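[1] Based on what follows, work out the 3D shape:
(one chain, ligands or ions: 1)
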Amino acid sequence: MNLLTYHSDYNKYDLGVDHPLVGDKPHNIMDRLREKGLLEFFDVLSPSPATDEDILRIHGASYLNKIKELSKTGGMLSYDTPAPKGIYEIAALSAGGTIACGSKLFEKYSISINPLGGFHHASQNQSSGFCFFNDIAIVIEYLRIKRNLKKFLIIDLDVHHGNGTEDIYLRDPSVVNISIHQDGRTLYPGTGELENIGEDMGSGHTVNIPLPPGTGSNAYLHAFNEIVPYIAVEYDPDIIIYQSGVDTHHSDPLADLNIAYQTYYHLARSIVQISEQTCNKLLILLGGGYNSTTCINAYENIFNGVLNKDKYLTEPDTFAFGNMTKVQATIKELKKILRNYWNFE
Ligand SMILES: [Zn+2]
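    Numbering: from 1, shown residues only. Okay, here's the model as predicted:
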């Protein structure tokens, strides 16, 4: 059995009309799972909000207070991130869902999913990119203390670079943070360069795979398969946190990696297999996706992959071959940069 966290208030994580982040996704995912008979494979848990203590393990007190204050009146957290009234309660609830998913993996589940999670742009004392609290880091620090975990692996496949998570763990060898994202020269937040591999003790533990616009499914899978399984198996983590953003899809209005539905199935299958080969503890945070109609199909395929279903959604993939030459060169270069840290054979 697997675990899914859900709360009806999840749909209040809505940054307003005319904003790309609308609040209907968690609800629509639940409807789709019910409709396709996939919900029966999950225990559904209604989470409690993360406490101040949980949040303060990552964020500064003045940052937390700022969000609480903004939440009373409504306002702007940053230029692209409105803070509607009540957002503190919803962001804390979302982080609580991620904590519950992480914690329950050490009771009776090997896979848990929070449909409202993966807020990777939030760093300790500032944020943008529609994120308030970095639930990835919050669950890592929770598990470090409460479950005595020592080694964490993040596989962040959202189309945007997870700059907040990177800032938090840049010098920390206990967290390997692999991010595959659209090249920062062409997309928000502009970071995640190939050469940035972490600093000091954390060198080699930050892995950035920036891909060009128009990458396409085949080149994307090439990048994933050449890097992720090797590092994951060699690192042998205590838990894997998979940020499964689907804003990589070709219909997404914010980005241009041109991935097709079937690719999400294959990526989810691969990550489940990596988990089974290592710690068998997989926490999935569904992350970004800004075409309300198509992102539910992409998420459905992640569930199909997680559940190892024979049938999954496919679509004609006219973008499949995209930018293979450039991606192959990037991967070759990355292996060279990381050769003192990881073995790719
Ligand atoms: Zn994103």
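[2] any idea how far Gly322 is from the closest residue to Glu141 other than its chain neighbours?
    In space, and not counting its chain neighbours, Glu141 is closest to Arg57: 4.0 Å by CB to CB, 6 or more residues apart in numbering. Placement of C-beta: from N, CA and C, glycine included. From Arg57 over to Gly322 the distance is 40 Å, taken as CB to CB, to the nearest Å.
[3] Compare the two and say which one has the larger neighbour count.
    Under the criterion of other CB atoms under 10 Å, the comparison of Arg57 against Gly322 puts Gly322 first, with 25 against 15.
[4] got the end-to-end distance for stretch 235-251?
    35 Å (CA to CA, to the nearest Å).
[5] Over to stretch 6-13?
    Span of stretch 6-13 from end to end, CA to CA: 13 Å.
[6] And the contacts of it?
    21, 23-24, 26-27, 30, 44-47, 86-87, 89-91, 93-94, 97, 115-116 (CB atoms under 8 Å, 6 or more residues apart in numbering).
[7] and those, which of them are in strands?
    If you go by DSSP state E, the contacts of stretch 6-13 have Val44, Leu45 in strands.
[8] mind listing the helices for the stretch 151-300 of the chain?
    Ranges of helices within the stretch 151-300 of the chain are 163-169, 217-235, 261-277, 292-306, based on DSSP state H, counting those that start in this stretch.
[9] angle of the longest one against helix 261-277?
    It refers to helix 217-235. 10 degrees (axes from the mean of the first three to the mean of the last three CA atoms, to 10 degrees).
[10] now for helix 217-235, which elements pack on it?
    strand 152-156, strand 175-182, strand 206-211, helix 261-277, helix 324-337 (3 or more CB pairs under 8 Å, 6 or more residues apart in numbering; DSSP states H and E).
[11] Show me the residue of the stretch 101-250 of the chain that gets nearest to the ion, please.
    His160 (3.7 Å; CB to the ion).
[12] For the stretch 1-150 of the chain, which residues score under the pLDDT cut-off?
    17 (pLDDT under 70).
[13] which residues of it fall in helices?
    Going by DSSP H, counting those that start in this stretch, the stretch 1-150 of the chain shows helices at 25-35, 52-56, 61-73, 87-104, 135-146.
[14] The ion contacts on the protein?
    Listed as neighbours of the ion in the chain under the rule CB under 5 Å from the ion: Asp158, His160, Gly245, Asp247, Gly288.
[15] The second one: what's it in contact with?
    Think His160. Contacts of His160 (CB under 8 Å, 6+ apart): His120, His121, Gly129, His181, Gln182, Leu187, Tyr188, Pro189, Gly245, Asp247, Ala255, Gly288.
[16] Just give me the closest of these to Tyr264.
    Closest approach between the contacts of His160 and Tyr264, by CB to CB: Gly245, at 10.3 Å.
[17] Pretty sure that closest one sits against Pro115.
    No - if you go by CB atoms under 8 Å, Gly245 and Pro115 don't touch, sitting 11.9 Å apart.
[18] Which residues are in contact with each of these two?
    Leu286.
[19] in the stretch 201-345 of the chain, what residue is nearest the ion?
    Gly288 (2.9 Å).
[20] Can you give me the pLDDT of the nearest residue to Leu157 once chain neighbours are set aside?
    If the residues on either side of it in the chain are set aside, Leu157 comes closest to Ile180, at 5.4 Å by CB to CB, 6+ apart. Ile180 carries a pLDDT value of 98.
[21] what's the burial count for the closest residue to Tyr13 other than its chain neighbours?
    Using CB to CB, 6+ apart and skipping residues adjacent in sequence, the residue nearest Tyr13 is Ile90, 4.9 Å away. Counted with other CB under 10 Å, the neighbours of Ile90 add up to 22.
[22] Ile90: what's it in contact with?
    Asp9, Tyr10, Lys12, Tyr13.
[23] what does Ile178 give?
    Ile178 touches Leu153, Ile154, Ile155, Asp156, Val207, Ile209, Ile227, Val228, Ile231, counting by CB under 8 Å, 6+ apart.
[24] what's the answer for Tyr63, then?
    Gln124, Asn125, Gln126.
[25] what about 10 Å?
    Residues near Tyr63 by CB atoms under 10 Å, 6 or more residues apart in numbering: Ile55, Leu56, Leu77, Ala122, Ser123, Gln124, Asn125, Gln126, Ser127, Phe132, Phe133.
[26] So the fifth one sits against Ile136, correct?
    No - the pair Ser123 and Ile136 fails to qualify as a contact (CB atoms under 10 Å) at a distance of 11.4 Å.
[27] Mutual contacts of the two, please.
    Common neighbours of Ser123 and Ile136 (CB under 10 Å, 6+ apart) are Ile58, Gly164, Thr165, Ile168.
[28] And the residue nearest the centre of this protein?
    Gln243 (1.7 Å; CA atoms, centre = their mean).
[29] can I assume it is in contact with Leu267?
    No - at 11.6 Å, Gln243 does not count as touching Leu267 under the criterion of CB under 10 Å.
[30] Same list (the helices of the stretch 151-300 of the chain) but as TSV, adding mean pLDDT and mean neighbour count.
    What follows is these, written out as TSV (pLDDT from 0 to 100; neighbours: other CB atoms under 10 Å):
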stretch	mean pLDDT	mean neighbour count
helix 163-169	98	24
helix 217-235	98	19
helix 261-277	98	21
helix 292-306	96	21
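[31] hmm, what's the outermost residue in this protein?
    Thr73 (29.5 Å).
[32] All set now, cheers.
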